[in-house]
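Enquirer: Below are the sequence and a predicted model; questions follow.
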Amino acid sequence: MPTIPTPPMSAQDALAQLREGNQRFVMNVRSVENPLGRSARQALVAGQSPFAIILSCSDSRAPSEYIFDQGLGDLFVIRVAGNVVAPSLVGSVEFAAAEFGTRLAVVMGHSHCGAIKATLDSVRNGTGSASDNIRDIVERCREPVTTVVSAAGPKADPEFLLKESVRANVRNSCDHLRHGSRLLERLCREEGMRIVGAEYSLETGVVDFFDGA
């Protein structure tokens, strides 16, 4: 008897699963149901069906699979310094959404982000980058960070600027995904896809979903 394919998880259910996983992470509890080990690897050889796409920073302190307490095959994770959006990264999100039917994409920044600190230094002090490639990342963060700095004024607290800039950068990346891809725009409009912004706190382990959630 043929197997009936399982429909993709809805964006709402996927977001709820991420929230529940993050709560376990914060409480230092790991789910026994998450697939790990040899049997899980073998089961995934033939294919994958991740329930969420996570575009996050490359920072070693912010691994999505741990933060959301998920196992092998659960998340399609794209990591890049500053959780910036460039053509290849948009293409990666598009691929997962089109190929696997994944209907939730999360752009996740984090507290004390080094890429945002570097951008703030560049915007406020004219500090240069160590290489052209690093400068490319800074330039992709520049517009939202500049907006925050201009609105806050010259006497703004550095910690306030950093926090607001992290969130502004996440919003900017979310907007880019929502409106910079005809495929994603159509999936959001017609097939229930959602693109959500979030910030992970290094201090508490909590993920705050604040844009589009």
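Expert: That came through fine.
Enquirer: Mind jotting down where the strands sit in this protein?
Expert: 52-56, 75-79, 104-110, 194-200, 207-211 (DSSP state E).
Enquirer: Mind exporting the C-alpha coordinates of the third one to CSV?
Expert: Output in CSV follows, covering the C-alpha atoms of strand 104-110 (Å, rounded to 0.1, in the frame of the first residue of the first chain):
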residue,chain,number,x,y,z
LEU,A,104,8.8,29.0,8.5
ALA,A,105,12.0,31.0,8.1
VAL,A,106,13.6,32.6,11.1
VAL,A,107,16.3,35.3,11.0
MET,A,108,18.0,35.2,14.3
GLY,A,109,20.5,37.7,15.6
HIS,A,110,22.0,37.6,19.1
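Enquirer: Okay, now the sheet partners of it, with direction.
Expert: Its sheet considered, strand 104-110 pairs with strand 52-56 (parallel), strand 194-200 (parallel) by DSSP bridges.
Enquirer: next one: that strand to chain centre, how far?
Expert: Centre-to-centre, strand 104-110 and its host chain are 2 Å apart (Cα atoms, centre = their mean, to the nearest Å).
Enquirer: how big is the angle separating that strand from strand 75-79?
Expert: 40 degrees (axes from the mean of the first three to the mean of the last three Cα atoms, to 10 degrees).
Enquirer: list the buried ones in strand 104-110?
Expert: Within strand 104-110, the residues that qualify as buried are 104-110, counting by 16 or more other Cβ atoms under 10 Å. For the C-beta atoms, the positions are set from N, CA and C on the backbone; glycine is no exception.
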